[in-house]
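[1] need a 3D model of the following:
(2 chains)
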Amino acid sequence: MAATQAEILEGLAEIVNEIAGIPVEDVQTEKSFTDDLDVDSLSMVEVVVAAEERFETKIPDDAVKDLKTVGDAVDYILKNQA
Amino acid sequence: MTAKIQPSQGAPYARIRGVGGYRPTRVVPNEVILETIDSSDEWIRSRSGISTRHWANESETVAEMSIEASGKALADAGLSAEDIGAVIVATVSHFKQTPAIATEIAFRLGAGKAAAFDISAACAGFAYGLTLAKGMVTDGSAKNVLVIGVERLSDLTDLTDRATAFLFGDGAGAVVVGPSDVPAIGPSIWGSEGDKSDVIAQTDSWEVFRAGGQPETGKFPALRQEGQTVFRWAVFEMAKVAQQALDAAGITAEQLDVFIPHQANMRIIDSMIKALKLPEHVAIARDIETTGNTSSASIPLAMERLLATGQAKSGDTALLIGFGAGLVYAATVVTLP
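    Just a heads-up that it's a prediction; the model follows:
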């Protein structure tokens, strides 16, 4: 069954926490990955790959460039999950 | 009529008999890189793990560095140049198209009659050469093969490109592959993905210069790459290839002593270790910190340093994987010399 918006945010927060060491509660929809959460471009790739596995979706490199905020990523996954 | 042709007789198996390396004398710290790009030492270290690299001077040519590394590899193997039946040079930074630099190296080493040729397989060049050498030793076309990975990537570096100016280094690494009574080089898992040929590449073709035109970038050709795409491919796709090489060799992660990936970027190395779930006891090559990315030279240089510093020892079981522009890749498990 497809994940809800809240479930995706929760899952993404866990992933970001594991990869970049950011506290789960800091990962909010309006936060920018690079500016607010200090997730650099290479960590972002790891986050994306982990999210692909968890939510059974594909996030191509071209799309990754447009995922500026946590909310962008949640919306993308919500629309594109299997 | 079809006459009967005698088959060639090779050794039952092949092994790496000796390894040697050459690092240029000039050590270049990040401060020097920062003279031409807007970045910081902290940024370079956190993105690449590189603190210093070696850049060749005018006299440290592709041939000179190769001869130095090869001499050490021969000494390590207890062999002399006359014992070498073939010389394979993997490089992308020898700027004379023909003849192959391998012939000059063979002649100057004293292995003048050896078969000699260059191969172009970028950062997988050494692992490709090792695969060829194993085949040559076991089919009998050469008793001992010298495999050299050598680069002067400083000649192909755009010092104003923030994404790559800090990345590349120069150097040479060589191994001697010879006969063995027991399997000591496992099956190679190798291949290419030409649909991604533009992900890492030289900026302009030499043809632009031949035509007398101005290259698009307005500069001498340099290496450029799409960092995120390469990172994703290198970590996640290459971890699968590395695992296949382990499986093909019948080696478990527990049995592995050493992991020597191409020294592309420390972050790639760290993430590959995670993806492969390598146990704590496995020694990891982290030569990139003080050597930079030396493309085809990186694996033998890292191997030599691990052995020289005692982090690895002769007889250890090591997983090697090279990957780079092409895209191309090759992975295999070996017994260290």
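[2] which parts of chain A are helices?
    Per DSSP state H, chain A carries helices over the ranges A:5-20, A:41-55, A:61-64, A:70-80.
[3] do the shortest one and chain B come into contact?
    Yes. Helix A:61-64 comes into contact with chain B when judged by C-beta under 8 Å from any C-beta of the partner chain, the residues involved being A:61, A:64. Heads up, the C-betas are built off the backbone N, CA and C, glycines and all.
[4] ok, the longest one next?
    No. Under the criterion of C-beta under 8 Å from any C-beta, chain B is not reached by helix A:5-20; the shortest gap measures 9.4 Å.
[5] and the angle for that helix with helix A:41-55?
    140 degrees (axes from the mean of the first three to the mean of the last three C-alpha atoms, to 10 degrees).
[6] lowest confidence element among the helices and strands of the chain?
    Using chain A here. The helix or strand of chain A with the poorest confidence is helix A:61-64; it has a mean of 88 (mean pLDDT, DSSP states H and E).
[7] I was thinking of chain B, sorry if that wasn't clear
    Quick look at chain B via mean pLDDT, DSSP H and E: least confident is helix B:207-210, a mean of 77.
[8] low-confidence ranges, chain A, go.
    Applying pLDDT under 70 to chain A picks out residues A:1, A:82.
[9] so which bits of it are right by chain B?
    Where chain A comes near chain B, counting by C-beta under 8 Å from any C-beta, the residues are A:40, A:41, A:42, A:44, A:45, A:46, A:48, A:49, A:61, A:64.
[10] surely the third one touches residue B:229?
    It refers to residue A:42. No. Residue A:42 is beyond contact range of residue B:229, at 11.4 Å (criterion: C-beta atoms under 8 Å).
[11] related to what we said a few turns ago, save the helices of chain A as JSON lines, and put in mean neighbour count too.
    JSON lines is the format used below for those (neighbours: other C-beta atoms under 10 Å in any protein chain shown):
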{"stretch": "helix A:5-20", "mean neighbour count": "17"}
{"stretch": "helix A:41-55", "mean neighbour count": "20"}
{"stretch": "helix A:61-64", "mean neighbour count": "14"}
{"stretch": "helix A:70-80", "mean neighbour count": "19"}
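[12] so which of these is nearest residue B:289?
    For residue B:289, the closest of these is helix A:41-55, at 16.5 Å, according to C-beta to C-beta.
[13] quick one: contacts for the closest residue to residue B:223 other than its chain neighbours?
    Nearest residue to residue B:223 in three dimensions, chain neighbours excluded: residue B:156, at 5.0 Å (C-beta to C-beta, 6 or more residues apart in numbering or on different chains). The contact partners of residue B:156, by C-beta atoms under 8 Å, 6 or more residues apart in numbering or on different chains, come to B:92, B:93, B:168, B:202, B:221, B:222, B:223.
[14] out of those residues, what pair is the most spread apart?
    Spatially, the most separated pair among the contacts of residue B:156 is B:168 and B:221, at 13.4 Å (C-beta to C-beta).
[15] more neighbours: the two, which one.
    Shown here are residue B:168 and residue B:221; by other C-beta atoms under 10 Å in any protein chain shown, residue B:168 has more neighbours (23 against 19).
[16] thought the more buried one was touching residue B:292?
    Yes. Residue B:168 lies in contact with residue B:292 (C-beta under 8 Å); the separation is 5.6 Å.
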